[in-house]
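[1] sequence first, then the predicted structure, then my questions.
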Amino acid sequence: MTVQEAFKIETRGRGAIEITAEVVRIVSASIIERGTAHVFAQHSSCSVMITENADSTVRRDLETLAQRWAPDADAVYRHDTQGDDDMAAHARGVLAGASVTVPVA
């Protein structure tokens, strides 16, 4: 059996957004007791990751690393249609990945 539901996250630009409660709500509302939940971001410059949430410095440090891996406004980028952070956002999405799959029990 498969259950599929989409949800929208509004953001004010770059940042880590906690979506655990929304995923738990959707899984809990389904009739599935055991299986897997697959979470996929449909936006080309967005990613989904599982990381610690108890300490907010983890997300801040991940942003610091992402700035090193894919800096905004790098002179070698050609794609900047939506601003100086456009290509960096795409690169970060590729590096972090657009989906995660987790067990449900």
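    Cool, the structure landed.
[2] longest helix in the protein, by residue count?
    Longest helix in the chain, counting residues (DSSP state H): helix 56-69.
[3] who are the packing partners of that one?
    Helix 56-69 sits against helix 86-96, with contacts defined as 3 or more C-beta pairs under 8 Å, 6 or more residues apart in numbering; DSSP states H and E. In short, each C-beta sits where N, CA and C put it, glycine included.
[4] pull out the buried residues from stretch 56-66.
    Neighbour-count burial for stretch 56-66 flags 59, 62, 66 (criterion: 16 or more other C-beta atoms under 10 Å).
[5] so the first one is in contact with Leu65, correct?
    Spelled out, it's Arg59. No. If you go by C-beta atoms under 8 Å, Arg59 and Leu65 don't touch, sitting 10.7 Å apart.
[6] quick revisit: what's the longest helix of the chain in contact with?
    Helix 56-69 is contacted by residues 14-16, 49, 51-53, 91-92, 95-96 when judged by C-beta atoms under 8 Å, 6 or more residues apart in numbering.
[7] avg pLDDT for that helix?
    Helix 56-69 carries an average pLDDT of 92.
[8] from the chain's centroid, how far away is it?
    Offset of helix 56-69 from its chain centre (C-alpha atoms, centre = their mean, to the nearest Å): 13 Å.
[9] and that helix, C-alpha only, in CSV?
    Extracted in CSV, the C-alpha atoms of helix 56-69 (Å, rounded to 0.1, in the frame of the first residue of the first chain):
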residue,chain,number,x,y,z
SER,A,56,21.1,24.6,16.8
THR,A,57,24.8,25.1,16.3
VAL,A,58,24.8,21.9,14.1
ARG,A,59,22.6,23.7,11.5
ARG,A,60,24.7,26.8,11.7
ASP,A,61,27.9,24.8,11.2
LEU,A,62,26.3,23.0,8.2
GLU,A,63,25.6,26.4,6.6
THR,A,64,29.2,27.4,7.2
LEU,A,65,30.4,24.2,5.5
ALA,A,66,27.9,24.7,2.6
GLN,A,67,29.3,28.3,2.1
ARG,A,68,32.8,26.7,1.7
TRP,A,69,31.6,24.0,-0.7
